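>>> Curious how this folds, go ahead:
(4 chains)
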2 protein chains.
Amino acid sequence: MLEPERHQIILDLLKKQNTVKLQELVELTNSSESTIRRDLSQLEKQKLLKRVHGGAARLQNMLQEPTMVEKSSKNVQEKRLIAKYAASLIEEGDSVYIDAGTTPFEMIPFLPSDIVVVTNGLMHVEALLSRNIKTFLLGGYVKPTTKALVGRSAIESLKNFRFDKCFMGVNGIHPDYGFTTPDPEEATVKQLAITLTRDVYVVADESKFSEVTFARIADLKDAMIITNAIDKEILTQYERETTIKVVSA
Amino acid sequence: MLEPERHQIILDLLKKQNTVKLQELVELTNSSESTIRRDLSQLEKQKLLKRVHGGAARLQNMLQEPTMVEKSSKNVQEKRLIAKYAASLIEEGDSVYIDAGTTPFEMIPFLPSDIVVVTNGLMHVEALLSRNIKTFLLGGYVKPTTKALVGRSAIESLKNFRFDKCFMGVNGIHPDYGFTTPDPEEATVKQLAITLTRDVYVVADESKFSEVTFARIADLKDAMIITNAIDKEILTQYERETTIKVVSA
DNA sequence: TAAAAGTCAACCAAAAACATTCAAATTCAA
DNA sequence: TTGAATTTGAATGTTTTTGGTTGACTTTTA
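A predicted model of the protein is given here:
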């Protein structure tokens, strides 16, 4: 990996989260600690970040565009593993739907750049553009809490596309109730995206299993699940109905 | 493979890719390392890319159009005056189209909050939401330079709405050629928005007068112009065809 | 507070990438 | 067709980058 590429990744990450751990960057870039340390020193000298014990922190002047709220760093690690694997399934030239939500968002740094992405996640666009990925955004009502695009107009936009692969975030995965999410409007968008896609994947960490929320999206059989550590017993319970790929460090 | 051909390949790849590895180019062109190195040196001398260890990186100035940030520092004061007046025309309950672009953007802080806004400007959304304004975003291709939504999908989205008022940014205003903007795709969106609106306003500082750019949007008579200081003579020249509101401090 | 764990800068040797040189191959003009 | 000029690929020795190791330093844990 080239130096400017690493630098870009570091700075992009700092746009989203106030701090980065050194180890995160080592994983993300497949470089050694030494290399990342040197990168951080350089970027600090250029006044693009501030080094702190264990990693680096964002400077004030980047604060102009505060984007995504920092989630608990514990989940981020797991989500990133899931995201990395999920992204590895995408091939050059694919047309891909990336759902709004934090786990799908984490896929963006790992995406191949020669693809077309359609998304209903407003927050995703900046990251996609900085990866130089051709990006289409659905239209619609902007849901203030999640900044997802929903509603009739989003549905209409979506109908113009067909996808090789789509990657969904969900809030609940349950053997009886299938995939669920709290907002019916978001559920509708997800449902349609699924019908327009050849290979459907749900990306979800283990906390989503055995949960049920208000609005039903689809049956378990309608998607392959990509997740992290999960209990053997629970696993078999689900595997009757769908395929589960378990990713671990 | 001929030299100009290789150069084109290199530059094309950099348009898509931010960085290229030397080895990539060796494979892609079936040339030797030496040859590619020489190519890169030449292209660097022509200021078309930057060499980095292991390959080459794209320069900033390959972005054709000035970006949002650069633009917004110019003429901010004047634009804000124009924007403030324009916003004062909006009444509670109106449905309003706010065009992508910096002058329309400046209106957002002055908007009444009990309205519905539709926009094709990605950058506007954050600001609109922080004002607690109900916001619809058009779908479509995200133009990387201006973060405006354009294309067929944007057009389709737009057809779902009707507006009491719309506020357009333009790049050129000319007695013979009417309103113009550089990008034909953006022009198409603006055109449609105009036909869907009862009261059409163009917000533009004086620098736009007597300018003509590539794509025609509409005739002068199709919109009322809101601008700042402007020469009396020039004013009368335009007033045969349209109404101009001049705002001053 | 002391031990343990984690993080750090500095150093080193290996690997990768580099500029330079030169001869062969190609192109062009006479 | 010949000869000069340009372009190309390989060989050379040099420079940069990289990942591992060291011992010093900082933070966390007990």
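
>>> Report the separation between A:Asp94 and A:Val118.
11 Å (C-beta to C-beta, to the nearest Å). All C-beta atoms are positioned from the backbone trio N, CA, C, and that covers glycine.

>>> more neighbours, those two?
A:Val118 (25 against 18; other C-beta atoms under 10 Å in any protein chain shown).

>>> Identify each buried residue in stretch A:206-221, please.
Neighbour counts over stretch A:206-221 (16 or more other C-beta atoms under 10 Å in any protein chain shown) mark A:Glu206, A:Lys208, A:Phe209, A:Thr213, A:Ala215, A:Arg216, A:Ile217, A:Ala218, A:Leu220 as buried.

>>> Endpoints of it, how far apart?
18 Å (C-alpha to C-alpha, to the nearest Å).

>>> now swap in stretch A:167-177 and tell me
End-to-end for stretch A:167-177, by C-alpha to C-alpha: 20 Å.

>>> Outside of it itself, list whatever touches it.
For stretch A:167-177, the external contacting residues (C-beta atoms under 8 Å, 6 or more residues apart in numbering or on different chains) are A:86, A:96-104, A:107, A:179-182, A:190, A:193-194, A:200-204, A:208-213, A:216-217, A:220, A:223, A:225, A:237-238, A:241.

>>> What average pLDDT does stretch A:178-187 get?
Here stretch A:178-187 scores 93 as its mean pLDDT.

>>> from the middle of its chain, how far away would the helix or strand harbouring A:Arg198 be?
Assigned by DSSP states H and E, A:Arg198 falls within strand A:197-203. In terms of C-alpha atoms, centre = their mean, to the nearest Å, the centre of strand A:197-203 is found 13 Å from the chain centre.

>>> For chain A, which segments count as helices?
Assigned by DSSP state H, the helices in chain A fall at A:3-16, A:22-29, A:33-45, A:73-88, A:102-106, A:122-130, A:152-158, A:184-195, A:232-239.

>>> Look up how far B:Ser32 lies from the nearest residue to A:Lys165 once chain neighbours are set aside.
In this structure, A:Lys165 finds its nearest non-sequential neighbour in A:Asp199, 4.6 Å apart by C-beta to C-beta, 6 or more residues apart in numbering or on different chains. According to C-beta to C-beta, A:Asp199 stands 41 Å off from B:Ser32.

>>> out of the two, which sits in the more crowded spot?
Using other C-beta under 10 Å as the criterion, A:Asp199 and B:Ser32 rank with A:Asp199 on top: 15 against 10.

>>> DNA strand D versus the more buried one, what's the distance?
33 Å (C-beta to the nearest atom of the strand, to the nearest Å).

>>> Where does pLDDT dip in chain A?
Of all residues in chain A, those with pLDDT under 70 make up the ranges A:60-77, A:229, A:249.

>>> give the contact list for the residue of chain A found nearest chain B.
At 3.0 Å from chain B, A:Gly139 is the closest residue in chain A, using C-beta to the nearest C-beta. Neighbouring residues of A:Gly139 by C-beta under 8 Å, 6+ apart: A:149, A:153-154, A:156-157, B:136-140, B:149, B:153-154, B:157.

>>> DNA strand C contacts on chain A?
A:Lys21, A:Leu22, A:Gln23, A:Ser34, A:Arg37, A:Ser41, A:Arg51, A:Val52, A:His53, A:Gly54, A:Gly55 (C-beta under 7 Å from any atom of the strand).

>>> can you pull the contacts of the closest residue to the fifth one other than its chain neighbours?
Right, the one you point to is A:Arg37. What sits nearest to A:Arg37 in space, not counting adjacent residues and going by C-beta to C-beta, 6+ apart, is A:Leu22, at 7.1 Å. Contacts for A:Leu22 (C-beta under 8 Å, 6+ apart) come out as A:Glu33, A:Ile36, A:Arg37, A:Leu40, A:Gly54, A:Gly55, A:Ala56.

>>> from the contacts of stretch A:167-177, which would you call buried?
Buried, going by 16+ other C-beta under 10 Å: A:86, A:96-104, A:107, A:179-181, A:190, A:193-194, A:200-204, A:208-209, A:213, A:216-217, A:220, A:223, A:225, A:238, out of the contacts of stretch A:167-177.

>>> For A:Asp164, which residues are in contact?
Per C-beta under 8 Å, 6+ apart, neighbours of A:Asp164: A:Glu91, A:Asp94, A:Ser95, A:Val96, A:Thr197, A:Arg198, A:Asp199.

>>> try 10 Å this time
Contact analysis of A:Asp164 by C-beta atoms under 10 Å, 6 or more residues apart in numbering or on different chains lists A:Ile90, A:Glu91, A:Gly93, A:Asp94, A:Ser95, A:Val96, A:Tyr97, A:Ile115, A:Val116, A:Thr197, A:Arg198, A:Asp199.

>>> what sits against A:Ala215?
Contacts of A:Ala215 (C-beta under 10 Å, 6+ apart): A:171-172, A:179-188, A:190-191.

>>> Quickly note the distance from it to DNA strand C.
From A:Ala215 to DNA strand C the distance is 40 Å (C-beta to the nearest atom of the strand).

>>> give me the beta-bridge partners of that residue?
Going by DSSP bridges, A:Ala215 is paired in beta bridges with A:Thr181.

>>> Could you measure from it over to A:Gln191?
The gap separating A:Ala215 from A:Gln191 is 9 Å, by C-beta to C-beta.

>>> Name the residues of chain A found near DNA strand D, please.
A:Met1, A:Leu2, A:Glu3, A:Asn30, A:Ser31, A:Ser32, A:Glu33, A:Ser34, A:Thr35, A:Arg38, A:His53.

>>> The same query, at a cut-off of 6 Å, please.
Within chain A, the positions near DNA strand D by C-beta under 6 Å from any atom of the strand are A:Glu3, A:Ser31, A:Ser32, A:Ser34, A:Thr35, A:His53.

>>> just these that are near chain B?
Counting by C-beta under 10 Å from any C-beta of the partner chain, A:Glu3 from the residues of chain A next to DNA strand D sit close to chain B.

>>> Verify the contact between A:Phe161 and A:Leu137 for me.
No: here A:Phe161 does not reach A:Leu137: they are 11.6 Å apart, not a contact under C-beta atoms under 10 Å.

>>> higher neighbour count, those two?
Per other C-beta under 10 Å, whichever of A:Phe161 and A:Leu137 has more neighbours is A:Leu137, with 29 against 18.

>>> Was I right to think that one contacts A:Tyr97?
No: with contacts counted by C-beta under 10 Å, A:Leu137 stays clear of A:Tyr97, the gap being 11.6 Å.

>>> any residues in contact with both of these two?
In contact with both A:Leu137 and A:Tyr97: A:Val117, A:Val118, A:Thr119, A:Asn120, using C-beta under 10 Å, 6+ apart.

>>> which ones are touching the third one?
Yep, that's A:Thr119 we're talking about. Contacts of A:Thr119 by C-beta under 10 Å, 6+ apart are A:96-100, A:104-105, A:108, A:125, A:128, A:135-138, A:148-149, A:167, A:193, B:142.
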